[in-house]
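Asker: Below is the sequence, then the predicted model.
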Amino acid sequence: QVTLVESGGGLVRAGGSLRLSCAASGRTVRDYAMGWFRQAPGTEREFVAAISRSGSTVDYADSAEGRFTISRDNAKNTVYLQMNSLKPEDTAVYYCAAKRSWALGRMNYDFWGQGTQVTVSS
């Protein structure tokens, strides 16, 4: 069992940047592949980015490619999502998630955080 807590959300103007953090407790984050998802009001939760346990493999949604960067610091038990060139359509609750196997697929995760709100104003 691992507990995930997101932080770093907030209000930012279009074109700005935010860095989200996901702190893990209970078990070491290096045991899990990690991902970021988001959900805007009235929409389904969507995949944003993922990183393998070692950090050697990353995966991005088309909407995040080139603007967002996922990274991890296993020594700090933390995963990050650096978001640049933010757009109003990036407004959503952002969730961190963990899974035991990269092979589970983009949407299949074992553990989820509570989310952090990101609001991008135009």
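Answerer: Great, that's in hand. Numbering: from 1, shown residues only.

Asker: who does the most centrally placed residue in the chain bridge with?
Answerer: Centroid-nearest residue in the chain, with Cα atoms, centre = their mean: W36, separated by 2.4 Å. Here W36 shows beta-bridge partners A49, C96, assigned using DSSP bridges.

Asker: any idea how far it is from F68?
Answerer: From W36 over to F68 the distance is 8 Å, taken as Cβ to Cβ, to the nearest Å. Any C-beta I mention is one placed from the backbone N, CA and C, and that applies to glycine too.

Asker: list residues touching both of those two?
Answerer: Shared contacts of W36 and F68 (Cβ atoms under 8 Å, 6 or more residues apart in numbering): V48, A49, L81.

Asker: Of those residues, which is the most crowded?
Answerer: When neighbours are counted by other Cβ atoms under 10 Å, L81 leads the shared contacts of W36 and F68 with 27 neighbours.

Asker: what pairs with that residue across the strands?
Answerer: Bridge pairing for L81 (DSSP bridges) gives the partners L20, I70.

Asker: Show the contacting residues for it.
Answerer: R19, L20, C22, W36, V48, A49, F68, T69, I70, Y94.

Asker: isn't the fourth one right up against V48?
Answerer: Pointing back at W36 there. Yes. In this structure, W36 is within contact of V48 by Cβ atoms under 8 Å, at 4.3 Å.

Asker: returning to what we had before: just the buried members of the contacts of L81?
Answerer: Buried by 16 or more other Cβ atoms under 10 Å: L20, C22, W36, V48, A49, F68, T69, I70, Y94, out of the contacts of L81.

Asker: ok, those vs E6, which is closest?
Answerer: Nearest to E6 out of the buried ones among the contacts of L81 is C22 (Cβ to Cβ; 5.2 Å).
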